[in-house]
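Asks: need a 3D model of the following:
(one chain, ligands or ions: 3)
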Amino acid sequence: EESAKVTLLHIDVDHFKEINDRFGHAVGDLVLRHVSKILVEAISAGDVAARLGGDEFAVLIPKDECDKTNAVLDHIQKSLESPIPVGDQALIVCCSIGVASAMSADLAKLLSQSDLALYHAKRNGRNRAEIFSDEMASALATERQLAQDLRSGLALGQIRPFYQVQVDAKSFRVNGVEALARWHHPTRGILAPAHFLSLASYNGLVAELDDVILMAVLADMQSLESQLEGIRVSVNLSADRLNDPELITKLGSYDIPPGRLSFELIETIFLDSLSDHVRQNIEAIKSFGIDIEIDDLGSGHASLLGLLELRPDRVKIDRQLVMPILQSVPSRRLVGSLVDIARALDMGVIAEGVETIEHAKVLADLGVHTLQGYAFGRPQSFADLTARLEQEALEADIACAG
Ligand code: C2E
Ligand code: CA
Ligand code: CA
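Replies: Numbers count the residues shown, from 1 in each chain. Ligands and ions are numbered 1, 2, ... in the order given. Sure thing, here's the model as predicted:
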(Lines give C-alpha, C1' and ligand atoms only; values in the text may rest on other atoms or scores of the structure.)
(Ligands and ions follow the chains in the order given, each with its own letter.)
Protein backbone atom coordinates (compact mmCIF):
# COMPACT_ATOMS: atom_id res chain seq x y z
CA GLU A 1 0.00 0.00 0.00
CA GLU A 2 1.23 3.52 -0.81
CA SER A 3 1.85 5.87 2.08
CA ALA A 4 -0.60 8.71 2.56
CA LYS A 5 -0.25 11.96 0.66
CA VAL A 6 -1.87 15.31 1.30
CA THR A 7 -4.11 16.36 -1.55
CA LEU A 8 -5.77 19.66 -2.29
CA LEU A 9 -8.57 20.17 -4.83
CA HIS A 10 -9.15 23.67 -6.08
CA ILE A 11 -12.64 23.99 -7.50
CA ASP A 12 -14.08 26.79 -9.59
CA VAL A 13 -17.66 27.04 -10.90
CA ASP A 14 -17.61 27.42 -14.70
CA HIS A 15 -19.19 30.58 -16.11
CA PHE A 16 -20.43 31.68 -12.69
CA LYS A 17 -20.49 35.31 -13.73
CA GLU A 18 -22.74 34.51 -16.69
CA ILE A 19 -25.07 32.52 -14.43
CA ASN A 20 -25.31 35.51 -12.09
CA ASP A 21 -25.83 37.97 -14.93
CA ARG A 22 -28.40 35.85 -16.65
CA PHE A 23 -30.46 34.40 -13.81
CA GLY A 24 -29.81 36.87 -11.00
CA HIS A 25 -27.99 36.65 -7.69
CA ALA A 26 -30.60 34.49 -5.99
CA VAL A 27 -29.89 31.75 -8.52
CA GLY A 28 -26.16 32.42 -8.15
CA ASP A 29 -26.49 31.79 -4.40
CA LEU A 30 -28.47 28.65 -5.10
CA VAL A 31 -25.68 27.37 -7.33
CA LEU A 32 -23.05 28.04 -4.66
CA ARG A 33 -25.11 26.20 -2.04
CA HIS A 34 -25.63 23.33 -4.50
CA VAL A 35 -21.90 22.99 -5.13
CA SER A 36 -21.11 23.24 -1.38
CA LYS A 37 -23.55 20.44 -0.67
CA ILE A 38 -21.96 18.22 -3.32
CA LEU A 39 -18.48 18.85 -1.90
CA VAL A 40 -19.56 18.08 1.65
CA GLU A 41 -21.19 14.85 0.48
CA ALA A 42 -18.08 13.86 -1.47
CA ILE A 43 -15.67 13.94 1.45
CA SER A 44 -15.34 11.68 4.48
CA ALA A 45 -14.30 12.10 8.10
CA GLY A 46 -11.06 14.05 8.48
CA ASP A 47 -11.35 15.82 5.13
CA VAL A 48 -12.18 19.49 4.82
CA ALA A 49 -14.34 21.33 2.30
CA ALA A 50 -14.21 25.12 2.27
CA ARG A 51 -15.26 28.09 0.23
CA LEU A 52 -12.23 30.16 -0.67
CA GLY A 53 -14.36 33.08 -1.80
CA GLY A 54 -16.59 34.00 -4.73
CA ASP A 55 -17.17 30.85 -6.77
CA GLU A 56 -13.97 29.12 -5.63
CA PHE A 57 -13.89 26.16 -3.31
CA ALA A 58 -11.24 23.85 -1.90
CA VAL A 59 -11.22 20.31 -0.63
CA LEU A 60 -8.36 19.16 1.56
CA ILE A 61 -7.70 15.44 1.91
CA PRO A 62 -5.03 15.10 4.62
CA LYS A 63 -4.75 11.30 4.35
CA ASP A 64 -5.04 10.56 0.68
CA GLU A 65 -4.61 6.83 0.23
CA CYS A 66 -6.15 4.06 -1.85
CA ASP A 67 -7.32 6.24 -4.70
CA LYS A 68 -9.33 8.41 -2.38
CA THR A 69 -8.88 11.51 -4.53
CA ASN A 70 -10.26 9.73 -7.55
CA ALA A 71 -13.30 8.63 -5.57
CA VAL A 72 -13.91 12.22 -4.41
CA LEU A 73 -13.48 13.59 -7.92
CA ASP A 74 -15.79 10.94 -9.27
CA HIS A 75 -18.45 11.75 -6.75
CA ILE A 76 -18.23 15.49 -7.48
CA GLN A 77 -18.37 15.06 -11.23
CA LYS A 78 -21.24 12.55 -11.13
CA SER A 79 -23.30 14.73 -8.78
CA LEU A 80 -22.79 17.76 -10.99
CA GLU A 81 -24.43 15.91 -13.85
CA SER A 82 -27.90 16.22 -12.34
CA PRO A 83 -29.42 19.59 -13.10
CA ILE A 84 -30.62 22.12 -10.52
CA PRO A 85 -34.26 23.13 -10.96
CA VAL A 86 -34.49 26.89 -11.43
CA GLY A 87 -38.08 28.02 -11.88
CA ASP A 88 -39.37 25.95 -14.78
CA GLN A 89 -35.87 25.42 -16.17
CA ALA A 90 -33.10 23.01 -15.32
CA LEU A 91 -29.63 24.45 -14.88
CA ILE A 92 -26.56 22.29 -15.31
CA VAL A 93 -23.58 23.57 -13.39
CA CYS A 94 -20.05 22.54 -14.31
CA CYS A 95 -16.82 22.98 -12.40
CA SER A 96 -13.15 23.10 -13.28
CA ILE A 97 -10.87 21.42 -10.77
CA GLY A 98 -7.15 21.67 -10.14
CA VAL A 99 -5.50 18.90 -8.10
CA ALA A 100 -2.15 18.94 -6.29
CA SER A 101 -0.64 16.33 -3.96
CA ALA A 102 2.45 16.23 -1.78
CA MET A 103 3.99 14.01 0.88
CA SER A 104 4.15 16.90 3.33
CA ALA A 105 1.47 19.43 4.09
CA ASP A 106 2.99 22.61 2.69
CA LEU A 107 -0.40 24.21 2.19
CA ALA A 108 0.80 27.39 0.54
CA LYS A 109 2.64 25.34 -2.06
CA LEU A 110 -0.32 22.98 -2.58
CA LEU A 111 -2.59 25.95 -2.99
CA SER A 112 -0.46 27.55 -5.69
CA GLN A 113 0.08 24.21 -7.48
CA SER A 114 -3.61 23.33 -7.45
CA ASP A 115 -4.37 26.85 -8.64
CA LEU A 116 -2.03 26.33 -11.60
CA ALA A 117 -3.67 22.98 -12.34
CA LEU A 118 -7.04 24.74 -12.18
CA TYR A 119 -5.81 27.32 -14.67
CA HIS A 120 -4.90 24.48 -17.05
CA ALA A 121 -8.29 22.85 -16.52
CA LYS A 122 -9.98 26.09 -17.56
CA ARG A 123 -7.61 26.59 -20.42
CA ASN A 124 -8.27 23.06 -21.69
CA GLY A 125 -11.98 23.76 -22.02
CA ARG A 126 -13.33 23.78 -18.43
CA ASN A 127 -15.64 21.15 -16.93
CA ARG A 128 -12.65 18.93 -16.15
CA ALA A 129 -10.01 18.14 -13.55
CA GLU A 130 -6.28 18.50 -14.12
CA ILE A 131 -3.52 17.23 -11.87
CA PHE A 132 -0.54 19.47 -11.21
CA SER A 133 2.74 18.52 -12.86
CA ASP A 134 6.10 20.26 -13.08
CA GLU A 135 5.55 20.63 -16.83
CA MET A 136 2.57 22.89 -16.08
CA ALA A 137 4.82 25.34 -14.34
CA SER A 138 7.34 25.42 -17.18
CA ALA A 139 4.56 25.60 -19.78
CA LEU A 140 3.19 28.64 -18.00
CA ALA A 141 6.60 30.26 -17.89
CA THR A 142 7.05 29.64 -21.62
CA GLU A 143 3.63 31.04 -22.34
CA ARG A 144 4.30 34.19 -20.32
CA GLN A 145 7.55 34.63 -22.21
CA LEU A 146 5.75 34.20 -25.55
CA ALA A 147 3.09 36.71 -24.57
CA GLN A 148 5.86 39.12 -23.61
CA ASP A 149 7.54 38.52 -26.98
CA LEU A 150 4.26 39.19 -28.75
CA ARG A 151 3.73 42.43 -26.87
CA SER A 152 7.16 43.67 -27.74
CA GLY A 153 6.82 42.32 -31.28
CA LEU A 154 3.72 44.46 -31.74
CA ALA A 155 5.45 47.50 -30.30
CA LEU A 156 8.61 46.96 -32.38
CA GLY A 157 6.80 46.61 -35.69
CA GLN A 158 7.66 42.92 -36.12
CA ILE A 159 4.05 42.20 -37.06
CA ARG A 160 3.25 43.44 -40.50
CA PRO A 161 0.77 42.63 -43.25
CA PHE A 162 1.35 40.27 -46.12
CA TYR A 163 -1.06 40.68 -49.01
CA GLN A 164 -3.00 38.11 -51.00
CA VAL A 165 -4.49 39.22 -54.29
CA GLN A 166 -8.14 38.95 -55.24
CA VAL A 167 -9.08 38.83 -58.90
CA ASP A 168 -12.15 39.61 -60.94
CA ALA A 169 -13.81 36.26 -61.72
CA LYS A 170 -14.27 37.11 -65.41
CA SER A 171 -11.04 38.86 -66.37
CA PHE A 172 -8.76 37.36 -63.68
CA ARG A 173 -7.37 40.88 -63.19
CA VAL A 174 -6.41 41.94 -59.68
CA ASN A 175 -9.16 44.05 -58.12
CA GLY A 176 -8.33 43.72 -54.45
CA VAL A 177 -5.95 42.42 -51.80
CA GLU A 178 -6.45 41.03 -48.31
CA ALA A 179 -4.00 42.04 -45.62
CA LEU A 180 -2.93 39.04 -43.52
CA ALA A 181 -0.82 39.45 -40.42
CA ARG A 182 2.69 37.96 -40.34
CA TRP A 183 5.07 38.00 -37.40
CA HIS A 184 8.64 38.58 -38.52
CA HIS A 185 10.06 36.84 -35.47
CA PRO A 186 13.70 37.57 -34.66
CA THR A 187 14.60 33.87 -34.24
CA ARG A 188 11.71 31.83 -35.59
CA GLY A 189 11.31 33.35 -39.05
CA ILE A 190 8.03 34.53 -40.56
CA LEU A 191 5.09 33.20 -38.55
CA ALA A 192 1.50 32.88 -39.84
CA PRO A 193 -1.44 33.77 -37.55
CA ALA A 194 -1.95 30.11 -36.58
CA HIS A 195 1.21 30.49 -34.50
CA PHE A 196 0.20 33.58 -32.56
CA LEU A 197 -3.49 34.43 -32.92
CA SER A 198 -4.72 32.33 -29.99
CA LEU A 199 -1.81 33.61 -27.90
CA ALA A 200 -2.89 37.15 -28.78
CA SER A 201 -6.46 36.29 -27.94
CA TYR A 202 -5.68 34.77 -24.52
CA ASN A 203 -3.68 37.84 -23.67
CA GLY A 204 -6.17 40.40 -24.89
CA LEU A 205 -3.91 41.58 -27.71
CA VAL A 206 -6.05 40.91 -30.79
CA ALA A 207 -7.56 44.39 -30.98
CA GLU A 208 -4.08 45.84 -30.81
CA LEU A 209 -2.91 43.44 -33.52
CA ASP A 210 -5.75 44.62 -35.76
CA ASP A 211 -4.81 48.22 -35.09
CA VAL A 212 -1.13 47.62 -35.87
CA ILE A 213 -2.05 45.90 -39.15
CA LEU A 214 -4.48 48.66 -40.13
CA MET A 215 -1.86 51.36 -39.54
CA ALA A 216 0.69 49.45 -41.59
CA VAL A 217 -1.84 48.95 -44.39
CA LEU A 218 -2.66 52.67 -44.46
CA ALA A 219 1.04 53.51 -44.62
CA ASP A 220 1.54 51.02 -47.48
CA MET A 221 -1.46 52.44 -49.33
CA GLN A 222 -0.09 55.94 -49.01
CA SER A 223 3.39 55.05 -50.19
CA LEU A 224 2.13 53.62 -53.47
CA GLU A 225 -1.09 55.38 -54.20
CA SER A 226 -0.85 55.10 -57.98
CA GLN A 227 -0.12 51.35 -58.25
CA LEU A 228 -2.96 50.55 -55.92
CA GLU A 229 -5.48 52.56 -57.88
CA GLY A 230 -8.69 50.64 -58.37
CA ILE A 231 -7.56 48.01 -55.91
CA ARG A 232 -9.53 47.55 -52.72
CA VAL A 233 -7.69 46.59 -49.57
CA SER A 234 -9.39 44.32 -47.02
CA VAL A 235 -8.34 44.15 -43.39
CA ASN A 236 -9.51 41.59 -40.85
CA LEU A 237 -11.41 42.95 -37.88
CA SER A 238 -11.77 40.83 -34.74
CA ALA A 239 -14.79 40.78 -32.44
CA ASP A 240 -12.63 42.38 -29.76
CA ARG A 241 -11.86 45.27 -32.01
CA LEU A 242 -15.48 45.69 -33.03
CA ASN A 243 -16.29 45.88 -29.31
CA ASP A 244 -13.57 48.43 -28.62
CA PRO A 245 -15.26 51.63 -27.36
CA GLU A 246 -12.26 53.56 -28.67
CA LEU A 247 -12.64 52.24 -32.22
CA ILE A 248 -14.47 55.28 -33.60
CA THR A 249 -11.98 57.72 -32.08
CA LYS A 250 -9.04 55.72 -33.40
CA LEU A 251 -10.46 55.45 -36.91
CA GLY A 252 -11.21 59.19 -36.81
CA SER A 253 -7.55 59.92 -36.15
CA TYR A 254 -6.37 57.98 -39.21
CA ASP A 255 -6.23 59.24 -42.74
CA ILE A 256 -8.56 56.73 -44.38
CA PRO A 257 -9.19 57.09 -48.10
CA PRO A 258 -12.96 56.57 -48.51
CA GLY A 259 -14.08 53.71 -50.75
CA ARG A 260 -10.68 51.99 -50.81
CA LEU A 261 -10.80 49.93 -47.64
CA SER A 262 -12.95 47.03 -46.39
CA PHE A 263 -13.16 45.40 -42.99
CA GLU A 264 -13.72 41.66 -42.90
CA LEU A 265 -15.82 40.65 -39.92
CA ILE A 266 -15.99 36.99 -39.02
CA GLU A 267 -19.37 35.45 -39.48
CA THR A 268 -19.86 34.52 -35.82
CA ILE A 269 -20.02 38.18 -34.83
CA PHE A 270 -23.52 38.21 -36.27
CA LEU A 271 -24.65 35.19 -34.35
CA ASP A 272 -25.55 37.20 -31.28
CA SER A 273 -27.98 40.01 -31.52
CA LEU A 274 -25.76 43.03 -31.86
CA SER A 275 -25.22 45.25 -28.86
CA ASP A 276 -25.94 48.96 -29.36
CA HIS A 277 -22.31 49.53 -28.94
CA VAL A 278 -21.28 47.25 -31.81
CA ARG A 279 -24.09 48.67 -33.91
CA GLN A 280 -22.70 52.18 -33.41
CA ASN A 281 -19.22 51.03 -34.30
CA ILE A 282 -20.50 49.46 -37.51
CA GLU A 283 -22.37 52.64 -38.44
CA ALA A 284 -19.21 54.62 -37.76
CA ILE A 285 -17.15 52.28 -39.94
CA LYS A 286 -19.60 52.85 -42.78
CA SER A 287 -19.53 56.61 -42.25
CA PHE A 288 -15.75 56.57 -42.72
CA GLY A 289 -16.35 55.15 -46.21
CA ILE A 290 -15.09 51.70 -45.20
CA ASP A 291 -16.90 48.71 -46.70
CA ILE A 292 -18.08 45.80 -44.57
CA GLU A 293 -17.52 42.19 -45.58
CA ILE A 294 -18.64 39.02 -43.83
CA ASP A 295 -15.71 36.62 -43.64
CA ASP A 296 -15.85 32.81 -43.73
CA LEU A 297 -19.54 32.70 -44.67
CA GLY A 298 -20.82 29.16 -44.25
CA SER A 299 -18.32 28.10 -41.60
CA GLY A 300 -20.28 29.34 -38.60
CA HIS A 301 -23.82 30.41 -38.05
CA ALA A 302 -24.48 33.70 -39.78
CA SER A 303 -28.13 34.47 -39.35
CA LEU A 304 -30.01 35.62 -42.39
CA LEU A 305 -31.71 38.18 -40.18
CA GLY A 306 -28.29 39.44 -39.19
CA LEU A 307 -27.34 39.80 -42.86
CA LEU A 308 -30.62 41.56 -43.60
CA GLU A 309 -30.09 44.00 -40.79
CA LEU A 310 -26.42 44.61 -41.44
CA ARG A 311 -26.43 44.82 -45.19
CA PRO A 312 -22.72 44.15 -45.64
CA ASP A 313 -21.22 45.20 -48.98
CA ARG A 314 -19.80 41.74 -49.66
CA VAL A 315 -19.68 38.22 -48.31
CA LYS A 316 -16.71 35.86 -48.51
CA ILE A 317 -17.64 32.23 -48.98
CA ASP A 318 -15.52 30.04 -46.73
CA ARG A 319 -12.91 27.85 -48.36
CA GLN A 320 -14.40 24.72 -46.77
CA LEU A 321 -17.41 25.26 -49.01
CA VAL A 322 -15.33 26.20 -52.03
CA MET A 323 -12.86 23.32 -52.05
CA PRO A 324 -15.29 20.43 -52.77
CA ILE A 325 -17.19 22.11 -55.63
CA LEU A 326 -15.42 20.16 -58.39
CA GLN A 327 -16.41 16.72 -57.09
CA SER A 328 -19.61 17.53 -55.24
CA VAL A 329 -22.84 18.64 -56.90
CA PRO A 330 -24.52 19.59 -53.58
CA SER A 331 -21.53 21.80 -52.71
CA ARG A 332 -21.84 23.49 -56.06
CA ARG A 333 -25.55 24.04 -55.49
CA LEU A 334 -24.87 25.43 -52.03
CA VAL A 335 -22.42 27.99 -53.39
CA GLY A 336 -24.96 28.84 -56.11
CA SER A 337 -27.62 29.40 -53.44
CA LEU A 338 -25.34 31.66 -51.43
CA VAL A 339 -24.75 33.69 -54.59
CA ASP A 340 -28.53 33.98 -54.99
CA ILE A 341 -28.97 35.13 -51.41
CA ALA A 342 -26.19 37.68 -51.86
CA ARG A 343 -27.80 38.93 -55.05
CA ALA A 344 -31.18 39.28 -53.33
CA LEU A 345 -29.55 41.41 -50.67
CA ASP A 346 -27.44 43.38 -53.13
CA MET A 347 -24.15 42.06 -51.81
CA GLY A 348 -21.00 41.16 -53.73
CA VAL A 349 -19.56 37.65 -53.43
CA ILE A 350 -15.93 36.65 -52.94
CA ALA A 351 -14.83 33.02 -52.91
CA GLU A 352 -11.74 32.19 -50.87
CA GLY A 353 -9.49 29.14 -51.01
CA VAL A 354 -9.63 29.02 -54.81
CA GLU A 355 -6.77 26.62 -55.44
CA THR A 356 -7.12 25.73 -59.13
CA ILE A 357 -8.23 27.37 -62.38
CA GLU A 358 -10.93 24.68 -62.63
CA HIS A 359 -12.39 25.95 -59.36
CA ALA A 360 -12.15 29.50 -60.67
CA LYS A 361 -14.13 28.66 -63.80
CA VAL A 362 -16.93 26.88 -61.93
CA LEU A 363 -17.15 29.75 -59.44
CA ALA A 364 -17.33 32.34 -62.22
CA ASP A 365 -20.14 30.32 -63.83
CA LEU A 366 -21.99 30.25 -60.50
CA GLY A 367 -21.91 34.05 -60.47
CA VAL A 368 -19.19 34.68 -57.90
CA HIS A 369 -17.64 38.10 -58.54
CA THR A 370 -14.20 37.92 -56.99
CA LEU A 371 -11.78 35.06 -56.39
CA GLN A 372 -9.00 34.66 -53.85
CA GLY A 373 -6.72 31.70 -53.39
CA TYR A 374 -3.47 29.95 -54.23
CA ALA A 375 -4.52 29.68 -57.89
CA PHE A 376 -3.86 33.43 -58.14
CA GLY A 377 -1.19 33.85 -55.53
CA ARG A 378 -0.15 33.20 -51.97
CA PRO A 379 0.07 35.95 -49.39
CA GLN A 380 3.23 37.98 -50.19
CA SER A 381 5.19 40.93 -48.86
CA PHE A 382 4.23 44.44 -49.92
CA ALA A 383 7.38 44.70 -52.03
CA ASP A 384 6.52 41.48 -53.88
CA LEU A 385 2.94 42.62 -54.30
CA THR A 386 3.89 45.93 -55.88
CA ALA A 387 6.41 44.21 -58.17
CA ARG A 388 3.63 41.91 -59.31
CA LEU A 389 1.17 44.75 -59.87
CA GLU A 390 3.76 46.70 -61.88
CA GLN A 391 4.47 43.65 -64.00
CA GLU A 392 0.76 43.12 -64.68
CA ALA A 393 0.22 46.78 -65.56
CA LEU A 394 3.14 46.51 -67.99
CA GLU A 395 1.69 43.39 -69.62
CA ALA A 396 -1.71 45.07 -69.92
CA ASP A 397 -0.07 48.06 -71.63
CA ILE A 398 1.70 45.77 -74.07
CA ALA A 399 -1.56 43.93 -74.74
CA CYS A 400 -3.27 47.26 -75.44
CA ALA A 401 -0.46 48.44 -77.71
CA GLY A 402 -0.41 45.15 -79.58
P1 C2E B 1 -8.87 34.23 -43.25
O2 C2E B 1 -9.30 35.63 -43.03
O3 C2E B 1 -9.90 33.25 -43.68
O4 C2E B 1 -7.66 34.34 -44.27
C5 C2E B 1 -7.45 33.48 -45.30
C6 C2E B 1 -6.44 32.44 -44.93
O7 C2E B 1 -6.50 31.43 -45.93
C8 C2E B 1 -5.01 32.95 -44.96
O9 C2E B 1 -4.30 32.26 -43.96
C10 C2E B 1 -4.52 32.52 -46.32
O11 C2E B 1 -3.13 32.36 -46.38
C12 C2E B 1 -5.24 31.21 -46.50
N13 C2E B 1 -5.45 30.89 -47.90
C14 C2E B 1 -5.55 31.75 -48.93
N15 C2E B 1 -5.75 31.12 -50.08
C16 C2E B 1 -5.81 29.79 -49.80
C17 C2E B 1 -6.00 28.62 -50.60
O18 C2E B 1 -6.17 28.66 -51.81
N19 C2E B 1 -6.01 27.44 -49.95
C20 C2E B 1 -5.82 27.36 -48.61
N21 C2E B 1 -5.84 26.16 -48.03
N22 C2E B 1 -5.63 28.44 -47.82
C23 C2E B 1 -5.62 29.65 -48.41
P24 C2E B 1 -3.43 33.01 -42.89
O25 C2E B 1 -2.72 34.17 -43.49
O26 C2E B 1 -2.65 31.97 -42.18
O27 C2E B 1 -4.53 33.61 -41.93
C28 C2E B 1 -5.30 32.78 -41.12
C29 C2E B 1 -6.36 33.54 -40.41
O30 C2E B 1 -5.83 34.43 -39.44
C31 C2E B 1 -7.18 34.43 -41.32
O32 C2E B 1 -8.16 33.64 -41.95
C33 C2E B 1 -7.76 35.43 -40.36
O34 C2E B 1 -8.94 34.95 -39.77
C35 C2E B 1 -6.71 35.53 -39.32
N36 C2E B 1 -5.97 36.79 -39.49
C37 C2E B 1 -4.95 37.07 -40.33
N38 C2E B 1 -4.54 38.34 -40.17
C39 C2E B 1 -5.31 38.89 -39.20
C40 C2E B 1 -5.37 40.19 -38.58
O41 C2E B 1 -4.64 41.13 -38.90
N42 C2E B 1 -6.32 40.35 -37.61
C43 C2E B 1 -7.18 39.35 -37.25
N44 C2E B 1 -8.07 39.61 -36.30
N45 C2E B 1 -7.13 38.14 -37.80
C46 C2E B 1 -6.22 37.90 -38.77
CA1 CA C 1 -10.21 37.28 -43.82
CA1 CA D 1 -11.74 33.99 -44.69
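
Asks: so where's the stretch 201-350 of the chain uncertain?
Replies: Residue ranges of the stretch 201-350 of the chain with pLDDT under 70: 269-274, 301.

Asks: and for residue 235, the neighbour number?
Replies: Residue 235 is flanked by 23 other residues according to other CB atoms under 10 Å. In this view, the C-beta of every residue, glycine as well, is placed from N, C-alpha and C.

Asks: buried set for the longest helix anywhere in the chain?
Replies: Using DSSP state H, we find that the single longest helix of the chain is helix 134-155. Within helix 134-155, the residues that count as buried by 16 or more other CB atoms under 10 Å are 136, 146-147, 149-150, 153-154.

Asks: would you mark the buried spots in the host helix or strand of residue 343?
Replies: If you go by DSSP states H and E, residue 343 is part of helix 329-344. By neighbour count on 16+ other CB under 10 Å, the buried set for helix 329-344 is 331-332, 334-336, 338-339, 342.

Asks: just give me the longest strand of the chain.
Replies: strand 174-185 (DSSP state E).

Asks: so what strands line up beside that one?
Replies: strand 159-168 (antiparallel), strand 189-191 (antiparallel), strand 232-237 (parallel) (DSSP bridges).

Asks: wait, which of those is closest to ligand 3?
Replies: strand 232-237 (8.1 Å; CB to the ion).

Asks: which residues of this structure lie near ligand 1?
Replies: The chain has residues 164, 180-181, 192-194, 197, 206, 209-210, 213, 236, 238, 295-296, 319, 352-355, 373-374, 379 near ligand 1, with proximity defined as CB under 6 Å from any ligand atom.

Asks: those also near ligand 2: which ones?
Replies: Restricting those to those touching ligand 2 (CB under 5 Å from the ion) yields 236, 295.

Asks: among the residues of the chain next to ligand 1, name the buried ones.
Replies: 164, 180-181, 197, 206, 209-210, 213, 236, 238, 295-296, 319, 352-354, 373, 379.

Asks: so which of the residues you listed sit within helices?
Replies: 197, 206, 209-210, 213, 319.

Asks: I'd like to know which of those is nearest to ligand 2.
Replies: residue 319 (10.4 Å).

Asks: the closest one reaches residue 352, doesn't it?
Replies: Yes. The criterion here is CB atoms under 8 Å, and residue 319 meets it with residue 352 at 4.9 Å.

Asks: now for these two: what residues contact both?
Replies: With contacts taken as CB atoms under 8 Å, 6 or more residues apart in numbering, the residues that reach both residue 319 and residue 352 are residue 373.

Asks: could I get the strands paired with strand 174-185 as a markdown table with distance to residue 57?
Replies: As requested, the strands paired with strand 174-185 are exported to a markdown table (distance: least, CB to CB, whole Å):
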| stretch | distance to residue 57 |
| --- | --- |
| strand 159-168 | 41 |
| strand 189-191 | 40 |
| strand 232-237 | 40 |
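
Asks: redo those strands as JSON lines? Include distance to ligand 3.
Replies: Listed next are the strands paired with strand 174-185 as JSON lines, based on distance: least, CB to the ion, whole Å:
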{"stretch": "strand 159-168", "distance to ligand 3": "10"}
{"stretch": "strand 189-191", "distance to ligand 3": "19"}
{"stretch": "strand 232-237", "distance to ligand 3": "8"}
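
Asks: so which of those is nearest residue 363?
Replies: Among these, the nearest to residue 363 by CB to CB is strand 159-168 (10.9 Å).

Asks: now that closest one: average pLDDT?
Replies: In this model, strand 159-168 carries a mean pLDDT of 98.

Asks: quick one on the thing from earlier: and ligand 3, which of the ones in helices among the buried ones among the residues of the chain next to ligand 1 contact it?
Replies: Within those, nothing lies near ligand 3 by CB under 5 Å from the ion.

Asks: Throw these into TSV and include distance to residue 85, thanks.
Replies: What follows is those, written out as TSV (distance: CB to CB, whole Å):
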residue	distance to residue 85
197	41
206	39
209	44
210	44
213	49
319	45
